[in-house]
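*Asks:* fold the stuff below for me.
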Amino acid sequence: MHISRTRPGVVTLVATDAELAALAAGARMALSLMRADPRAPAEATAALARVLEDYDRGAGRLSGGPSPL
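*Replies:* Numbers count the residues shown, from 1 in each chain. The predicted structure is shown next:
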């Protein structure tokens, strides 16, 4: 995995399919735990849900269908 700063507030990530799948799986597990925890900050839960929705849309465009992850 390689991460570089493109400009302030923006990074570029180069990852293998497996690395990206691991990150997405971890994010899904975290979101599930956050949704089950009444103390989890609503803003953070909503932000992570939006990130995963964006990821799913992007992955779907790459594969021509829904994300397999």
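*Asks:* show me where this structure has strands.
*Replies:* Listed in chain order, the strands of the chain (DSSP state E) span 2-7, 10-14.
*Asks:* buried residues in the shortest one, which are they?
*Replies:* Of the residues in strand 10-14, none is buried by neighbour count under the rule 16 or more other Cβ atoms under 10 Å. The C-beta positions use only the backbone N, C-alpha and C, and glycine is treated the same way.
*Asks:* what pairs with that strand, parallel or antiparallel?
*Replies:* Strand 10-14 has the following strand partners under DSSP bridges: strand 2-7 (antiparallel).
*Asks:* for the strand it pairs with, the distance to its chain's centre please.
*Replies:* Chain-centre distance of strand 2-7: 17 Å, with Cα atoms, centre = their mean, to the nearest Å.
*Asks:* how about stretch 24-40?
*Replies:* 12 Å.
*Asks:* kindly list the longest helix within this structure.
*Replies:* helix 42-63 (DSSP state H).
*Asks:* before we move on, back to that, Ala24 is nearest to which of the strands of the chain?
*Replies:* The minimum distance between Ala24 and these falls on strand 10-14, with 12.1 Å, by Cβ to Cβ.
*Asks:* could you give the average pLDDT over the closest one?
*Replies:* Predicted confidence along strand 10-14 averages 96 (mean pLDDT).
*Asks:* what's the weakest-modelled helix or strand in the chain?
*Replies:* helix 42-63 (a mean of 93; mean pLDDT, DSSP states H and E).
*Asks:* coming back round to it: now tabulate the strands of the chain in a markdown table and tack on distance to Ala27.
*Replies:* What follows is the strands of the chain, written out as a markdown table (distance: least, Cβ to Cβ, whole Å):
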| stretch | distance to Ala27 |
| --- | --- |
| strand 2-7 | 16 |
| strand 10-14 | 13 |
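*Asks:* this completes my enquiry, with thanks.
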